[in-house]
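A.B. asks: The following block contains a protein sequence and its predicted model.
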Amino acid sequence: MSCSVLIASIFTVLVAYVYVLKEVYVKYLKPLEGIKR
Amino acid sequence: MIRFVIGVILFTLSTINHSSLYAEQNSNILDIHKFVRYSVASVILIVIQGVLGLCIVLIKLNPVYHTIICFSIILILLIMLNLELIITFYKNNCLSLRREGFEAVIYSIVITLLLYHVHSIMFKGIMIIIVSALTVIMFSVTVFLWKYLKDLSKLVDTVNIEEPMKIFTFASMLFGITGILSDLFYIKTCHAVY
């Protein structure tokens, strides 16, 4: 029982990470790509 | 018993944080460095927990290390992160209990009840595979974030982590519930054995 809740919590943390990655990509990596080109 | 106590503390702290995050505030309060550092530490601990779980099968290690000690350390780490967040909110006068926090509690209870029914269908092997796959993805994402951490401090326009932090606090609420449930079910199985 606790294992399935653990899966849910790890999955939620992963969603949070993806959000942070998206922010980092928009604010930092995307402008960098433009400069490189 | 220790996981139950730590789980309750984590659940309460993260609920307060979750509701405080909905208050009108300056998004610059939240620091991405702290978030990434704590997440790196927690991911490494989760990987260690997985390795310890494998050691139970392979070299017949005492399961206490996997189920109680390592898991409690993860929960304590999350408590530290939440405490730091609460202190930051307190210093900036935006600590508040809101409707959204109460809603998050209801959502977490609904998810737990839903998983209670799903759990009977799923096999333990499938669960271990899902957990390990998620851990590997989390580890790779964190390494990617760690790579750019130094450069992120030089940015003029700071990275806004208000939305991810809301999700992260919700995740720590679920972690707290995991701690509570694991102790409750452990007691239940002990009674069943005797």
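C.D. replies: Yep, that arrived.

A.B. asks: so who does the residue nearest to the spatial centre of chain A touch?
C.D. replies: Geometric centre of chain A, nearest residue: A:Val18, 1.7 Å, by C-alpha atoms, centre = their mean. With contact set as C-beta atoms under 8 Å, 6 or more residues apart in numbering or on different chains, A:Val18 has these partners: B:Val141. (Glycine included, C-beta is placed from N, CA and C.)

A.B. asks: go with 10 Å
C.D. replies: A:Val18 is in contact with B:137, B:141, B:164, B:167, counting by C-beta atoms under 10 Å, 6 or more residues apart in numbering or on different chains.

A.B. asks: ok, B:His18 - contacts?
C.D. replies: Here B:His18 is in contact with B:82, B:85, B:98, B:100-105, B:108, B:165-170, B:172-173 (criterion: C-beta under 10 Å, 6+ apart).

A.B. asks: Likewise for B:Ile111?
C.D. replies: Contacts of B:Ile111 (C-beta under 10 Å, 6+ apart): A:4-5, A:8-9, A:12, B:170, B:173-174, B:177.

A.B. asks: so how far is the helix or strand containing B:Leu83 off the chain centroid?
C.D. replies: Per DSSP states H and E: B:Leu83 is located in helix B:70-91. Offset of helix B:70-91 from its chain centre (C-alpha atoms, centre = their mean, to the nearest Å): 10 Å.

A.B. asks: Who are the packing partners of it?
C.D. replies: Counting contacts by 3 or more C-beta pairs under 10 Å, 6 or more residues apart in numbering or on different chains; DSSP states H and E, helix B:70-91 is packed against helix A:2-24, helix B:2-20, helix B:32-59, helix B:162-193.

A.B. asks: Number of residues surrounding the closest residue to B:Ser172 other than its chain neighbours?
C.D. replies: Sequence neighbours aside, B:Ser14 is the residue nearest to B:Ser172 in space, at 4.1 Å (criterion: C-beta to C-beta, 6 or more residues apart in numbering or on different chains). If you count neighbours by other C-beta atoms under 10 Å in any protein chain shown, B:Ser14 ends up with 28.

A.B. asks: where does the chain have low pLDDT?
C.D. replies: Unless you meant another one, I'm taking chain A. Filtered on pLDDT under 70, chain A yields the residue ranges A:1-2, A:36-37.

A.B. asks: could you do chain B instead?
C.D. replies: B:25-28, B:120-122, B:153, B:156-157, B:186-194.

A.B. asks: Fine, thanks again, bye for now.
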